[in-house]
Structures are given as C-alpha cells and as structure tokens.
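J.: Sequence and predicted model, in that order:
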Amino acid sequence: MTSANRDSALIKFAFRMATMMQDFYCERLGNFYVVGANWVYWAAFKLIKPFLAQKTREKIKLIDRNEQLLEWIAPENLIPELGGTLDFQYDPQTQWGLAPRD
C-alpha cells in the first residue's frame, strides 16, 4: 500500500472501532459483518487482527460476496439484494410515525 492510496482516517477509524468492540461489546456482540468489504478493509483487518483477542477476531466477518452471508444468516432474514428472500419495504412514516414531507 502506497501513501497515495492509503486512507489514514479509515485506518484510525478501524482501530477505534475494533478497540471499542473488544472492550465494550465483546460479550454482547454475536458477529460483526462487513458486507461488500473491499481490499482496504481486508488490509486494515489483517493489520489489526493480531492485536484483537481471539474471541473478538472470530466474531468479525468480512464479506466480499453476498452468498457468503448465507453461511450465517438464513435467506428468509436477508433482503434480495443480499441474496435472501425477505420482502421488506422500509417506510419511515409507518415505522416511526413520521409525517410526510411537503
């Protein structure tokens, strides 16, 4: 990775997120899925992985293909864009009782 294509803000964010997850949410967190992870996420994870506890490392799943989600999540719980069969339409007016915008 050269300095021209390195995003130091992303790397700092990844370290902070990993630290926060490990310190505060490790027992509450079942799994943490990063869907559509590109090479930057893979590289960042490889860098921080040795610093994470084994229990936390095993909970982080980087997903580059939607089919991989089906290993952990049943198709009826995933929307079609992620390879599932769930017919869910989000409508904030009905979900949260919001008034429509004019």
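T.: Perfect, thanks for sending it. Residues are numbered from 1 along each chain as shown.
J.: Check which element follows the longest helix along the chain along the chain.
T.: Determined from DSSP state H, the single longest helix within the chain is helix 8-24. Taking DSSP states H and E as the definition, the helix or strand that follows helix 8-24 towards the C-terminus is strand 32-35.
J.: Give the pairing partners of that next one; include direction for each.
T.: Strand 32-35 has its sheet partners listed here by DSSP bridges as strand 60-63 (parallel).
J.: Touching stretch 46-64 from outside, list them.
T.: Taking contacts as Cβ atoms under 8 Å, 6 or more residues apart in numbering, the residues outside stretch 46-64 that touch it are 11, 14-15, 18, 21-22, 26, 29-38, 41-42, 45, 68-69, 72. C-beta: built from backbone N, CA, C; applies to glycine.
J.: sorry, back to before: for the longest helix of the chain, buried residues please.
T.: Neighbour-count burial for helix 8-24, counted by 16 or more other Cβ atoms under 10 Å, picks out Ile11, Ala14, Ala18, Met21, Gln22.
J.: helices or strands next to it in the packing?
T.: Contacts of helix 8-24 with other secondary structure elements, assessed using 3 or more Cβ pairs under 8 Å, 6 or more residues apart in numbering; DSSP states H and E, are made with helix 39-48, helix 54-57.
J.: Thanks a lot, catch you later.
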